[in-house]
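> How does the following fold in three dimensions:
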Amino acid sequence: MRINKYISETGYCSRRETNRLIAAGRITINGKVCEKGADVEPEDIVLIDGKEIPYNDREPVYLALNKPIGIVCTAAEQVEGNIIQYVNYPSRIFAIGRLDKASEGLIFLTNDGDIVNKMMRSEHNHDKEYVVTVDKPVTDEFVRAMSQGVEILDVVTKPCEVYQQHSENVFRIILTQGLNLQIRRMCKALGYRVLKLERIRIMNVTLDGLERGQWRHLEKQELEKLLSMLN
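Residues are numbered from 1 along each chain as shown. Below is the predicted model of the structure:
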């Protein structure tokens with residue numbers, strides 16, 4: 001089994017976070033520093049920071065957080081304002097995906113490594129909806145360019161849905177991919193600067209009723225629908 005899958009299934013952290021631990025030289029297999037893409041056999045001894053990985057034998061946890069600006073989506077304890085310390089959940093959880101420090105809105109946290117991997121696969125094309133405020137009026141040309149795709153990071157973004165809101169400087173966008181700082185980079189490429197960015201929906205789950213800074217457990221029905229959409 002690949003080291004990423006092995007560690008994510010313990011519930012310790014996601015595959016992406018595992019890559020960061022590997023790059024930092026914090027994971028060892030049988031006493032040797034782990035390399036990216038390493039395989040793990042059942043008899044192998046895997047340690048993180050010299051300690052055994054605590055398997056998560058608790059019930060699965062699925063949380064929705066309305067992330068405030070300033071909170072960083074990382075499990076790294078040394079990072080001030082990290083999302084895990086902010087939520088302060090009584091058992092180990094980690095974030096699914098990211099919202100950059102300057103952005104706010106909906107993000108999931110869980111101890112289920114399997115759902116993380118399913119949601120992070122871009123080929124699933126799961127909707128994520130945002131409301132964005134920019135520094136000048138949104139034009140028809142801007143909406144058309146954003147929806148057709150913008151060249152950033154040496155690629156053209158996938159076509160997406162873009163709608164102008166009642167305020168002339170605000171638009172709504174539904175993405176099915178998650179490039180690094182995608183919306184901010186798209187706007188910048190078109191001569192706009194993002195002033196506020198809020199994620200209001202992930203797939204079938206919305207922010208409705210969830211105040212800024214608050215979190216809640218996903219309800220049974222919305223979790224069942226979410227999981228069915230991932231299969």
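> residue contacts, residue 106?
64, 65, 66, 67, 199, 200, 201, 202, 205, 206, 207, 210 (Cβ atoms under 8 Å, 6 or more residues apart in numbering). Any C-beta I mention is one placed from the backbone N, CA and C, and that applies to glycine too.
> So in this protein, where's the weakest helix or strand by average pLDDT?
helix 113-120 (a mean of 77; mean pLDDT, DSSP states H and E).
> Need the three-state assignment for residue 226.
Here residue 226 is helix, with the state taken from DSSP: H, G, I helix; E, B strand; the rest coil.
> so residue 76 sits right up against residue 82, yeah?
Yes: counting by Cβ atoms under 8 Å, residue 76 does reach residue 82; the two are 6.0 Å apart.
> Looking at those two now, which is surrounded by more residues?
Higher neighbour count among residue 76 and residue 82: residue 82, with 17 against 13, using other Cβ atoms under 10 Å.
> And the residue nearest the centre of this protein?
In the chain, the residue lying closest to the centroid (Cα atoms, centre = their mean) is residue 97, at 1.2 Å.
> Just to check, that one is in contact with residue 107?
Yes: Residue 97 lies in contact with residue 107 (Cβ under 8 Å); the separation is 6.8 Å.
> residues shared between the contacts of the two?
With Cβ under 8 Å, 6+ apart as the test, residue 97 and residue 107 both reach residue 73.
> and residue 120, what does it touch?
14, 15, 16, 96, 97, 178.
> Leaving out chain neighbours, which residue sits closest to the second one?
Of all residues not flanking residue 15 in the chain, residue 4 sits nearest, at 3.9 Å (Cβ to Cβ, 6 or more residues apart in numbering).
> In terms of helix, strand or coil, where does that neighbour fall?
helix.
> which residues does it contact?
Taking Cβ under 8 Å, 6+ apart, one finds 15, 18, 19 in contact with residue 4.
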